[in-house]
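Q: no sequence on this one, just coordinates:
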Ligand code: SF4
């Protein structure tokens, strides 16, 4: 018996039909007849579709579709860097959050996802820190963090902020405060725009290796101590209208959280919720929350649970995403892209930091790459290019480089480079312009889906520029490679202006 017949018999037997009398064979035959008739109808339909398509296939390749519009400034939204975002409202429904101000940048509230990083200089090295913060900011980092392990470091931050204002601009700064850092946090809160605390370390007691349980009374006593220690910082930040990040790390949960919830995403979320509730009791809401872990599945589970719990309790605080200790190189970037990008694709996340064991400036193109790939920010030209195959009519890698070199200064455009006309025009993903192999030595230029002209391959890039000029789309590249608005070849781009506008807060 064939597999379909067997499945059919099983269905009959399960339904109890006629099995007692052994008369299921006529049913089987009737079923087979129905299948033959359905197959004949399907073949007839396929023949009709094929014959209807034949004349079209002879004329054009792929279905005719409307020409993609060329993005114009009026169709775009200004983002916080003065660059442009496509209006992709609705493509990724984002979790609704309130806007939290950090200096002149707003996190959440429907604002573009903010890019952050952290310098690795000793904070006591004031000139070194100023130079690094400036370098990061010029590369496109909108909020810069620095570590503050002692009171001396907290005082140094005041000088760093002052030097930045004098020599560059007032870059939004975040201070990282760790073990038993209340007094340090109170001092540094005077100088920065946001203070990051780690709930597992802010009130730190060395874990007792002989402890076998954590009683309810012990748990509540520790919670009370955390509350009392957080209160002065919360009041100070509230008074100054500054922000706080409650930054939980999987690797530094407090002993009582580990005893109570285990080394789990639930323990991470409860650790944050405890601090959030203290803030809410004191009517302080300038909060951003994070749940970092070095293992991507743990990090993703913790952030998802956080978003769920916040939503359940009607808390609309924005979320800072990151995979901590992601490592370096290709794998560090893959881990960050999956963890951060995966959550952003689910609508979770308002600000991101890619943590690489490399120069922090190298984190910025990764952040922008993640955001651009998801359509959440558009800071560079979107290039669509086929992987090439036996049909490719030119050296596509070389041509892609040439096209990119000629056009990379026009963020907002989408340009396709495709190896042949067989699949190229149909798969250009609605690019604004296409450069497609036509015949050996010839390429065709497209505006959207419309083929405009065929030109010799060695004139392809020049003709593409000419077409853009005819359309009024072309802008000349900045004279200097260091000019303020030019995106770098690696995809990072320098913010051109400080045009940062808050959007509606859901406070
Ligand atoms: Fe090959 Fe043409 Fe597809 Fe490029 S577009 S991969 S050349 S079939």
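A: Nice, I can see it. Keep in mind the model is a prediction, meaning the values are calculated, not measured.

Q: From here on, just use CA atoms for contacts and neighbour counts.
A: OK.

Q: who does the helix or strand harbouring residue 384 touch, helix- and strand-wise?
A: Taking DSSP states H and E as the criterion, residue 384 maps to strand 382-385. For strand 382-385, the packing partners by 3 or more Cα pairs under 8 Å, 6 or more residues apart in numbering; DSSP states H and E come out as strand 414-418.

Q: For residue 443, what is the enclosing helix or strand?
A: If you go by DSSP H and E, residue 443 is part of strand 442-447.

Q: re the thing from before, direction included, what does the strand holding residue 384 pair against?
A: Partners of strand 382-385 in the sheet, by DSSP bridges, are strand 414-418 (parallel).

Q: I'd like to know how far the closest residue to residue 386 other than its chain neighbours sits from the ligand.
A: Excluding its sequence neighbours, the residue lying closest to residue 386 (Cα to Cα, 6 or more residues apart in numbering) is residue 418, at 5.3 Å. Relative to the ligand, residue 418 is positioned 5 Å away (Cα to the nearest ligand atom, to the nearest Å).

Q: what's the answer for residue 150, then?
A: 57 Å.

Q: Compute the number of surrounding residues for that residue.
A: A count of nearby residues for residue 150, using other Cα atoms under 10 Å, gives 19.

Q: thinking again about what came up before, run through who's touching the strand holding residue 384.
A: Strand 382-385 has contacts (Cα atoms under 8 Å, 6 or more residues apart in numbering) with 400, 404, 411-418, 428-429, 431.

Q: mind redoing it with 10 Å?
A: Contacts to strand 382-385, defined as Cα atoms under 10 Å, 6 or more residues apart in numbering, come from residues 372-373, 375, 396-397, 400, 403-404, 407-408, 410-419, 424, 427-436.

Q: and if you look at stretch 463-473?
A: 70-72, 403, 406-407, 410, 413, 433-435, 444-447, 452-457, 460-461, 474-476.

Q: and with 8 Å instead?
A: Defining contact as Cα under 8 Å, 6+ apart, one finds that stretch 463-473 is touched by 70, 435, 445, 455, 474.

Q: need the contact list for the second one.
A: Which is residue 435. Residue 435 makes contacts with 415-418, 443-446, 460, 464, as judged by Cα under 8 Å, 6+ apart.

Q: Am I right that it sits in a helix?
A: No: read with DSSP: H, G, I helix; E, B strand; the rest coil, residue 435 is strand and lies in no helix.

Q: That one pairs with what?
A: Bridge pairing for residue 435 - DSSP bridges - gives residue 417, residue 445.

Q: ok, it to the ligand distance?
A: Counting by Cα to the nearest ligand atom, the gap from residue 435 to the ligand is 11 Å.

Q: what's the answer for the third one, then?
A: If you measure residue 445 against the ligand using Cα to the nearest ligand atom, the figure is 14 Å.

Q: Which residues are in contact with that residue?
A: Listed by Cα under 8 Å, 6+ apart, the contact partners of residue 445 are 433-436, 451-455, 460, 464.

Q: of all those, which two lie farthest apart?
A: Greatest spacing in these, by Cα to Cα: 433 and 455 (14.7 Å).

Q: Tell me which of these two has more neighbours.
A: Shown here are residue 433 and residue 455; by other Cα under 10 Å, residue 433 has more neighbours (27 against 17).

Q: and residue 414, what is it in contact with?
A: 381-384, 431-433.

Q: Closest one of these to residue 208?
A: For the contacts of residue 414, the minimum distance to residue 208 (Cα to Cα) is 54.3 Å, reached by residue 382.

Q: what bridges to the closest one?
A: When assigned by DSSP bridges, residue 382 has beta-bridge partners residue 414.

Q: buried residues in the host helix or strand of residue 303?
A: For residue 303, the host element (DSSP H and E) is helix 296-312. The neighbour-count check on helix 296-312 (16 or more other Cα atoms under 10 Å) flags 296, 298-307, 309-310 as buried.

Q: ok, and what's touching the helix or strand harbouring residue 232?
A: Using DSSP H and E, residue 232 sits within helix 216-240. Residues from elsewhere that reach helix 216-240, judged by Cα under 8 Å, 6+ apart: 182, 185-186, 189, 202-203, 243-244, 256, 274-275, 278-279, 282, 284, 286.

Q: who wins for most neighbours among these?
A: Using other Cα under 10 Å as the neighbour test, those are led by residue 185, with 28 neighbours.

Q: Residues contacting the helix or strand hosting it, please?
A: Per DSSP H and E: residue 185 is located in helix 182-188. By Cα under 8 Å, 6+ apart, the residues outside helix 182-188 that reach it are 148-151, 154-155, 157-158, 175, 177, 195, 202, 229-230, 232-233, 236.

Q: Repeat the analysis, applying 10 Å as the threshold.
A: Residues contacting helix 182-188 (Cα under 10 Å, 6+ apart): 148-158, 174-178, 181, 189, 194-197, 202-203, 229-237.

Q: For the chain, which segments are assigned as helices?
A: Assigned by DSSP state H, the helices in the chain fall at 3-15, 24-59, 126-138, 151-167, 182-188, 199-202, 216-240, 255-261, 265-281, 296-312, 329-345, 363-373, 396-407, 460-471.

Q: Could you export the ones you listed as JSON lines, including mean pLDDT and distance to residue 107?
A: Formatted as JSON lines, the helices of the chain follow (pLDDT from 0 to 100; distance: least, Cα to Cα, whole Å):
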{"stretch": "helix 3-15", "mean pLDDT": "36", "distance to residue 107": "56"}
{"stretch": "helix 24-59", "mean pLDDT": "38", "distance to residue 107": "51"}
{"stretch": "helix 126-138", "mean pLDDT": "98", "distance to residue 107": "16"}
{"stretch": "helix 151-167", "mean pLDDT": "97", "distance to residue 107": "21"}
{"stretch": "helix 182-188", "mean pLDDT": "95", "distance to residue 107": "21"}
{"stretch": "helix 199-202", "mean pLDDT": "88", "distance to residue 107": "21"}
{"stretch": "helix 216-240", "mean pLDDT": "92", "distance to residue 107": "16"}
{"stretch": "helix 255-261", "mean pLDDT": "86", "distance to residue 107": "29"}
{"stretch": "helix 265-281", "mean pLDDT": "95", "distance to residue 107": "17"}
{"stretch": "helix 296-312", "mean pLDDT": "97", "distance to residue 107": "16"}
{"stretch": "helix 329-345", "mean pLDDT": "96", "distance to residue 107": "14"}
{"stretch": "helix 363-373", "mean pLDDT": "96", "distance to residue 107": "15"}
{"stretch": "helix 396-407", "mean pLDDT": "96", "distance to residue 107": "31"}
{"stretch": "helix 460-471", "mean pLDDT": "96", "distance to residue 107": "36"}
